[in-house]
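# What would the 3D arrangement of this be:
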Amino acid sequence: MSHNHVHIHKHEVKAKNLVYSILLNLLITVAQIVGGIISGSLALISDALHNFSDVLSLVFSLVAHKLSRRKASIDQTFGLKRAELIAAFVNAATLIIVAFILIYGAVERFFHPHEIKSNLVIWLAVLGIAVNGLSVILLKKDADHNLNMKSAYLHLLTDMMASVAVLVGGLLMKFYGWFWVDSVMTILIAVYLIVVGYDLIKKATKMLMLFTPEHIDIKEIVREVHKVPGAGKLHHIHVWHLNEEEIHLEAHLDCPEDFTLTQFDEVLHRIELVLFENFGINHITIQPEFKKEDPKDFIVQD
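Now for the predicted structure:
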């Protein structure tokens with residue numbers, strides 16, 4: 001059995017940006033909780049709870065990021081590279097849980113509205129927009145390359161949007177006395193959390209369950225490999241994400257001749273280039289076979 005992988009340039013995620021975001025979100029969380037209690041605004045308190053969930057998720061993301069950089073060992077032959085996928089899954093789940101808590105509170109408040117000190121709501125919403133906006137900028141680049149960072153980024157982005165909604169609500173309450181807007185804005189924030197949380201949890205789940213990456217067509221892989229000179233029938237195929245940066249493939253290759261190891265390595269090298277250039281697969285393990293009696297299906301139930 002031969003194994004090869006292609007070394008590619010990896011985007012280096014900056015953990016210090018997560019630390020800055022954690023500190024900023026702690027600041028806004030404390031300010032909004034105090035302000036929400038003083039003003040009587042449920043939307044402000046809900047935004048604070050969302051911010052606090054972000055603090056927890058950012059800490060979890062930071063820990064997962066550190067763990068994922070650990071080197072492989074005898075007991076952990078892949079290292080802890082999938083820690084960031086677990087963090088993304090948990091962060092997405094917390095988004096959805098927080099959303100339902102907010103909806104419950106908003107519906108209850110909608111039927112029992114009371115006067116809210118809108119000036120305090122407005123100024124704290126502005127502070128929330130500024131703090132979360134800065135955090136979003138800090139994590140934007142990393143979010144484009146890493147699902148864990150994307151989960152943290154989405155938490156912060158939804159926080160910023162929530163603060164915008166709170167600001168709009170505060171202005172409507174100040175100038176029109178529409179205190180029911182506080183509940184409506186809370187529900188809108190929660191619905192958006194459910195939407196983005198569901199999408200993220202679906203992606204993380206697929207990776208954790210070793211689903212074939214969405215952009216990869218197994219039949220197309222077979223067609224391309226069969227074009228490689230010296231390659232026989234590719235079968236018993238598995239393709240999965242180890243993490244966001246690594247896509248693995250393992251398969252059996254029914255060789256047309258009784259190759260020497262040197263000859264097979266040459267064929268394998270050509271296959272490796274095709275799989276990397278056409279599909280982005282950078283870790284390849286292929287078991288060579290010659291006239292072996294085994295199932296030749298593309299997908300074999302192990």
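
# Helices of the stretch 151-300 of the chain, start to end?
181-208, 218-226, 261-279 (DSSP state H, counting those that start in this stretch).

# In the first one, which residues are buried?
Under the neighbour-count criterion of 16 or more other CB atoms under 10 Å, helix 181-208 has 181-190, 192-194, 196-197, 200-201, 203-204, 206-207 buried. Bear in mind the C-beta positions are built from the backbone N, C-alpha and C, glycine included.

# before we move on, what about the shortest one?
If you call a residue buried by 16+ other CB under 10 Å, then helix 218-226 has these buried ones: 218, 221-222, 224-225.

# pLDDT below threshold where in the stretch 1-150 of the chain?
1-14, 43-44, 46-47, 50, 114-116 (pLDDT under 70).

# can you rerun that using 90?
1-73, 77-85, 87-88, 90-129, 131-133, 135-150 (pLDDT under 90).

# Please apply the same query to the stretch 151-300 of the chain.
Under the criterion pLDDT under 90, the flagged ranges of the stretch 151-300 of the chain are 151-200, 203, 243-245, 294-296, 299-300.

# For L234, name its beta-bridge partners.
For L234, the beta-bridge partners are L253 (DSSP bridges).

# List the residues that contact it.
By CB atoms under 8 Å, 6 or more residues apart in numbering, the residues touching L234 are 221-222, 225-226, 251-254, 298.

# among those, which two are most distant?
I221 and D254 (15.2 Å; CB to CB).

# rewinding a little: out of the contacts of L234, which one sits closest to L167?
Using CB to CB, I221 comes nearest to L167 of the contacts of L234, at 50.2 Å.

# you'd agree that closest one is up against F276?
No: with contact defined as CB atoms under 8 Å, I221 does not reach F276; the gap is 11.7 Å.

# show me the contacts for the most centrally placed residue in the chain.
With distances taken as CA atoms, centre = their mean, L147 lies nearest the centre of the chain, 3.0 Å away. In this structure, L147 makes contact with 84-85, 88, 200, 203-204, 207, 243-244, judged by CB under 8 Å, 6+ apart.

# Try it again at 7 Å.
84-85, 88, 203-204, 244 (CB atoms under 7 Å, 6 or more residues apart in numbering).

# Return the residues in contact with the closest residue in space to R270 that isn't next to it in sequence.
The shortest distance from R270 to any residue other than its chain neighbours is 4.9 Å, reached at V228 (CB to CB, 6 or more residues apart in numbering). Contacts were defined as CB under 7 Å, 6+ apart; by that measure V228 touches 267, 270-271, 274.

# Closest to N132 out of those?
Nearest to N132 among the contacts of V228: V274, at 44.4 Å, using CB to CB.
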